[in-house]
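*Asks:* Attaching a predicted model along with its sequence, questions to come.
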Amino acid sequence: MLDWQTGSSNVVLKTLVRFVAGIQPEHDGLWLQPAEGLPFEGFNFNINLKGCNLYITYENSRKAEGRYFIGEGEKTAVYSKSMKINRLWISNKELQSGDLRIKILD
């Protein structure tokens, strides 16, 4: 039964990371694109990817703006026509800083 529990837990965790928090690592960096219409007010998510500690704060303002902030500055999002949402590209160069604090206002 432990194999079943471990496998099931892994599927749930991967689903939350990829399709709810919207973290999608790529070869050149990563996309950050939280799911549209999340039913909660917000979340905090910390993860280490490619040697960088990401501290992600999500706030659901119910305005569907998809605004992204890294540190104190706002970063321009890329609109995805197929997904119909704004998403953030973070390059490997940006990840080399070691720590990134990202705030998402949606």
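*Replies:* Ah, there it is.

*Asks:* For the rest of this, base every contact and every neighbour count on C-alpha atoms.
*Replies:* OK.

*Asks:* Would you mind listing the residues in contact with residue 43?
*Replies:* Listed by Cα atoms under 8 Å, 6 or more residues apart in numbering, the contact partners of residue 43 are 57, 58, 59.

*Asks:* Let me know whether the last one touches residue 68 as I believe.
*Replies:* In this case it means residue 59. No. Residue 59 lies out of contact with residue 68 (Cα atoms under 8 Å); the separation is 10.6 Å.

*Asks:* and the spatially closest residue to residue 98 that is not a sequence neighbour, how many residues sit next to it?
*Replies:* Using Cα to Cα, 6 or more residues apart in numbering and skipping residues adjacent in sequence, the residue nearest residue 98 is residue 52, 4.3 Å away. Residue 52 is surrounded by 16 other residues when neighbours are defined as other Cα atoms under 10 Å.

*Asks:* Now do the contacts for residue 52.
*Replies:* For residue 52, counting by Cα under 8 Å, 6+ apart, the contacting residues are 95, 96, 97, 98, 99, 100.

*Asks:* Could you check how far it is from residue 16?
*Replies:* Residue 52 sits 20 Å away from residue 16 when distances are taken as Cα to Cα, to the nearest Å.

*Asks:* Equivalent analysis for residue 9, please.
*Replies:* In this structure, residue 9 and residue 16 are 11 Å apart, going by Cα to Cα.
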